[in-house]
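*Asks:* sequence-free structure coming up:
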């Protein structure tokens, strides 16, 4: 099955769903962790200069997830808020209290 141009498939994993690491993968990770930083080749990704950091903007490309809950802190106690709301609200005539 070929995918149409411009269409992408979203794939996501949770840590619980990932297969366990093999012995070879574990050995490879331990070998990488043991290497000093001086042996890392950064030629493909050069370090940013102070001049480049001056133009950096925090959150420029951040877009909140649609429907993301934003917390709001109120200075009133919840009981006072609920009391004020319940005084304004009228019960629905279709609801029968038991």
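*Replies:* Structure received. Nothing here was measured: the structure is a model prediction, and the numbers come from that model.
*Asks:* Give the phi and psi angles for residue 17, as a check.
*Replies:* phi -90, psi -10 (degrees, to the nearest 10).
*Asks:* Sorry, wrong one. I was asking about residue 26.
*Replies:* phi -60, psi -40.
*Asks:* Count the residues that sit near it.
*Replies:* 11 (other C-beta atoms under 10 Å). In this view, the C-beta of every residue, glycine as well, is placed from N, C-alpha and C.
*Asks:* for residue 10, same thing?
*Replies:* 4.
*Asks:* Next one: it, what pLDDT does it get?
*Replies:* If you check residue 10, the pLDDT there is 81.
*Asks:* got a list of what it touches?
*Replies:* For residue 10, the contact set (C-beta atoms under 8 Å, 6 or more residues apart in numbering) is empty.
*Asks:* let's number from 281 now, not from 1
*Replies:* In the new count, where the first residue is 281, that last one comes out as residue 290.
*Asks:* So it, which state does it fall into?
*Replies:* For residue 290, the assignment made with DSSP: H, G, I helix; E, B strand; the rest coil gives coil.
*Asks:* for the record, mean pLDDT for stretch 331-351?
*Replies:* On average, stretch 331-351 scores 76.
*Asks:* Please disregard the earlier target; I meant stretch 315-328.
*Replies:* Stretch 315-328 shows a mean pLDDT of 84.
*Asks:* Okay, helices next: where are they in this protein?
*Replies:* Taking DSSP state H, the helices of the chain run over residues 303-314, 330-334, 358-368.
*Asks:* Mind listing what's buried along the first one?
*Replies:* Counting neighbours by 16 or more other C-beta atoms under 10 Å, one finds that helix 303-314 has no buried residues.
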